[in-house]
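**Q** mind looking at a prediction? Sequence and model below.
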Amino acid sequence: MAEKTEKATPKKLRDARKKGQVAKSQDFPSALTFIVSISSVLILSGYIFEQLGSFIINMFRRVQMGHIDMQIMAPGLMTETIQTIFRCSLPILIVTVSVGILTSFLVVGPLFAPEAMKPDIKKLNPVTNIKNMFKFKTIFELLKSIFKISGAFILIWTAVYNSIPEIIACAALPVVGSAQVFAAFLIKVIIRVGIFFLAIAIADLVFQKRNFAKEMRMEKFEIKQEFKDTEGNPEIKGQRRRIAQEIAYQEGPVGVKRARAVITNPIHIAVAIEYDEEVEPAPRIITMGKGILADRIVKLAADYDVPVMRNVDLAQTLFEKGEIGDYIPEEAYEAISEILRWLEQLEAEETAHLELFK
């Protein structure tokens, strides 16, 4: 079985998109949102200061006028507080959310994937979850987060260390002067951290796109199978399928002698697979069965020296979605490819071993 060396076809990319599988970077929208939100606060600082100042002045005026009965003031005070917060935060919120949505749209494009919202029982499997913890992608995200936190900490610490003389000098300045110094320091830190996050986000976006393209690569037989499924003549396809199924049903379990491997559940289901790369575009199901028939298939496999592989999920997928005499379902391509590659390596080692002792 050949390696996955071919670029993904448009159909495979469309199918992956329906499942919510796209090249995306969480860091890129987050970095831009961070920069835009902070920039909005700085740009609107005069407006925010005016709103907060007006609110505080009104409160002091009421106190001076003797309106300090909390039972009377509470409802109005609560209303004015909410209105002030709303007026200060609404412009920033609108800009930030708009930029976040626009950035995601530009990076990913329009995406609606109802299949990604469907509940998946496999996600509750503790073994699968533990395996996912040690995947390259998970480890990469962890190291990236550590790098981001460490980098931001170093930048902030460097800025604080270099600004110690200015911070000490603030003690001799009036409140307004100290506030100006602090604001300048804060802007300097935010710019540095923002540029750092943006640089990481751009690098991550490039990496995610390349990694996704690599994950979507296909084997030649997958492309051939896809072409037959989508572009082939339906009548010819149907005729070939009927002939293959008739042969498979006539042979029954005896066809196991032509099998490349038998996939078991391990005792309830058995599925025999054949594959000739020079003749077939994809592996084909010779026969399959449950219970007594599955036992017979496994025994015949042992008689004909056909490898028997235990894979519960794969056997279930082949039995439920595959048909005798037909090519394996698309969901089983990756797992079957791994099995066939392993068998090729095993056969190559056995051949080399025999050649050594001739």
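**A** Received the coordinates, thanks. Residues are numbered from 1 along each chain as shown.

**Q** what about Gly20, which SS state?
**A** coil (DSSP: H, G, I helix; E, B strand; the rest coil).

**Q** next, it: phi, psi?
**A** phi 80, psi 10 (degrees, to the nearest 10).

**Q** now for it, how many residues are close by?
**A** Per other Cβ atoms under 10 Å, the neighbour tally for Gly20 reads 15. Glycine gets a C-beta too; all of them are placed from N, C-alpha and C.

**Q** do the same with Glu347
**A** Other residues within reach of Glu347, judged by other Cβ under 10 Å, total 11.

**Q** quick check, it in a helix?
**A** Yes. Glu347 sits within a helix when classified using three-state DSSP.

**Q** against Ile101, how distant is Pro29?
**A** 9 Å (Cβ to Cβ, to the nearest Å).

**Q** make that Ala169, sorry
**A** 44 Å.

**Q** for the closest residue to Glu331 other than its chain neighbours, give me its contacts.
**A** Counting by Cβ to Cβ, 6 or more residues apart in numbering, Thr317 is the residue found nearest to Glu331 once chain neighbours are left out, at 5.4 Å. Thr317 sits next to 329, 331-332, 335 when contact means Cβ atoms under 8 Å, 6 or more residues apart in numbering.

**Q** what of Ala261?
**A** Listed by Cβ under 8 Å, 6+ apart, the contact set of Ala261 reads 272-273, 306-309, 339-340, 343.

**Q** what does Ser25 give?
**A** 107, 201, 204-205, 207-208.

**Q** how near is the spatially closest residue to it that is not a sequence neighbour to Val107?
**A** Nearest non-adjacent residue to Ser25, counting by Cβ to Cβ, 6+ apart: Leu205, 4.2 Å away. From Leu205 over to Val107 the distance is 7 Å, taken as Cβ to Cβ.

**Q** same question for Glu323.
**A** Glu323 is 40 Å from Val107, by Cβ to Cβ.

**Q** one more: Ile168?
**A** 45 Å.

**Q** the two: which has the busier surroundings?
**A** Val107 (17 against 9).

**Q** that older thread, read off the pLDDT value for the residue nearest to Glu331.
**A** Looking at Thr317, its pLDDT is 90.

**Q** in the helix or strand containing it, what's buried?
**A** Element membership for Thr317, per DSSP states H and E: helix 312-321. Neighbour counts using 16 or more other Cβ atoms under 10 Å place 314-315, 317-319 of helix 312-321 among the buried residues.

**Q** wait, which of the residues you listed is closest to Val262?
**A** Nearest to Val262 out of the buried residues of helix 312-321 is Ala315 (Cβ to Cβ; 9.4 Å).

**Q** before we move on, back to that, common neighbours of Leu205 and Val107, please.
**A** 25, 28.

**Q** what stretches of the stretch 251-358 of the chain score poorly on pLDDT?
**A** 251-254, 352-358 (pLDDT under 70).

**Q** if we use 50, what do you get?
**A** Low-confidence segments of the stretch 251-358 of the chain (pLDDT under 50): none present.

**Q** quick one, strands of it?
**A** 261-264, 269-274, 284-290, 308-310 (DSSP state E, counting those that start in this stretch).
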